[in-house]
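Asker: would you be able to build a 3D model of this:
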Amino acid sequence: MKIRVINPNTSASMTAKIGEAARAVAAPGTVIDAVQPSFGAPSIEGHHDDVWAAAGVTEQVRAGERGGADAHVIACFGDPGLHAARELARGPVIGIAEAAFHCASLLATGFSVVTTLTRTCVIAEHLVLQYGFERRCRGIHGTDIAVLELDDPASDAYARILASARQALERDRSGAIVLGCAGMADLCARLQAELGVPVVDGVAAAVKLAEGLVAMRLGTSKRGDYAAPLRKDYVGLAAPWSPAG
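Answerer: Sure thing, here's the model as predicted:
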């Protein structure tokens with residue numbers, strides 16, 4: 001099967017990292033196509049970034065549908081454009097936040113999220129409520145590490161994330177950690193070994209859920225609100241994204 005993994009920002013190095021994380025867990029025979037939009041922000045750290053990221057996701061889902069993708073993964077913890085992508089796609093579309101919440105809830109009675117900037121915690125809080133995990137998520141913790149600092153050794157990102165996770169486990173009385181950024185995917189195994197609890201990377205979780213749904217021959221429902229977008233002509237900058245109906 002072919003899974004298109006979309007990094008909604010325009011950082012090529014992060015796209016490469018996300019692709020490596022996805023391929024590390026993919027089953028033999030699963031082709032991972034790691035891509036990013038042709039426009040947008042280099043990192044997604046607020047509501048304004050999120051709007052442009054959502055448009056970029058729809059661009060890449062359209063391309064994936066033309067290229068025969070069996071499923072799509074949105075590799076940003078804000079799950080930008082998730083519902084719009086599901087309107088466009090025949091197969092499953094999995095956001096890494098939703099995937100991580102589901103997996104963590106199967107491994108512990110309560111989990112904590114450790115993410116990047118504190119200002120983005122509210123976005124994760126909204127998703128927790130939207131997805132119905134408010135009884136399982138016991139805390140969301142910002143480390144105030146910018147997304148692009150995750151690749152900078154001088155930022156001491158790993159030590160700061162580890163310290164935040166330890167505090168979260170103690171303060172929240174949680175049994176698992178969810179990493180709140182796709183750019184943290186390469187830290188997952190090391191953190192789990194040091195913390196001694198399940199540490200869930202949403203990229204890996206989303207890829208495995210997508211594989212499972214495709215293997216069961218399940219795709220996105222086209223009844224109701226996930227039906228294909230209504231045909232209409234968009235104008236201006238949006239003209240290339242006019243729905244075909």
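Asker: nearest spatial neighbour of residue 188, chain-adjacent residues omitted?
Answerer: residue 201 (4.0 Å; Cβ to Cβ, 6 or more residues apart in numbering). Using the backbone N, CA and C atoms, a C-beta is placed for each residue, glycine as well.
Asker: give me the residues contacting the longest helix along the chain.
Answerer: If you go by DSSP state H, the chain has its longest helix at helix 47-66. Residues outside helix 47-66 that contact it (Cβ atoms under 8 Å, 6 or more residues apart in numbering) are 4, 6, 8-10, 33, 35-41, 43-44, 72, 74, 76, 78, 80-82, 84-85, 88-90, 93, 123, 241.
Asker: wait, residue 93 sits on residue 219?
Answerer: No: look at residue 93 against residue 219 with Cβ atoms under 8 Å: they stay out of range, at 9.5 Å.
Asker: who's more crowded, those two?
Answerer: Using other Cβ atoms under 10 Å, the more surrounded residue of residue 93 and residue 219 is residue 93, with 31 against 17.
Asker: that one pairs with what?
Answerer: residue 72 (DSSP bridges).
Asker: quick one: end-to-end distance for stretch 14-33.
Answerer: Stretch 14-33 has its terminal residues 14 Å apart, counting by Cα to Cα, to the nearest Å.
Asker: residues in contact with that stretch: which ones?
Answerer: Under Cβ under 8 Å, 6+ apart, the answer for stretch 14-33 is 1-5, 7, 34-36, 43, 64, 67, 69, 73, 75, 147-148, 151, 182-183, 185-186, 188, 201, 203-204, 207-208, 211.
Asker: avg pLDDT for it?
Answerer: Looking at stretch 14-33 alone, the average pLDDT works out to 97.
Asker: check which residues of it are buried.
Answerer: By neighbour count on 16 or more other Cβ atoms under 10 Å, the buried set for stretch 14-33 is 14-15, 17-19, 21-22, 24-26, 30, 32-33.
Asker: for the nearest residue to residue 195 once chain neighbours are set aside, what are its contacts?
Answerer: Distances taken as Cβ to Cβ, 6+ apart place residue 165 nearest to residue 195, at 5.8 Å, with adjacent residues excluded. Each residue near residue 165 by Cβ under 8 Å, 6+ apart is listed here: 112, 114, 141, 177, 191, 195, 199.
Asker: how far away from the center of its chain is the helix or strand encompassing residue 165?
Answerer: According to DSSP states H and E, residue 165 maps onto helix 157-172. Its chain's average C-alpha position is 21 Å from that of helix 157-172, according to Cα atoms, centre = their mean, to the nearest Å.
Asker: could you dump that helix to CSV, C-alpha only?
Answerer: The C-alpha trace of helix 157-172 is given here as CSV (Å, rounded to 0.1, in the frame of the first residue of the first chain):
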residue,chain,number,x,y,z
ALA,A,157,15.9,20.3,23.2
TYR,A,158,16.1,16.7,24.3
ALA,A,159,17.0,17.5,27.9
ARG,A,160,14.3,20.1,28.1
ILE,A,161,11.7,17.7,26.8
LEU,A,162,12.8,14.9,29.1
ALA,A,163,12.6,17.2,32.1
SER,A,164,9.1,18.4,31.1
ALA,A,165,7.9,14.8,30.6
ARG,A,166,9.2,13.8,34.1
GLN,A,167,7.4,16.8,35.7
ALA,A,168,4.2,15.9,33.7
LEU,A,169,4.2,12.3,34.9
GLU,A,170,4.6,13.4,38.5
ARG,A,171,2.2,16.4,38.5
ASP,A,172,-0.5,14.8,36.4
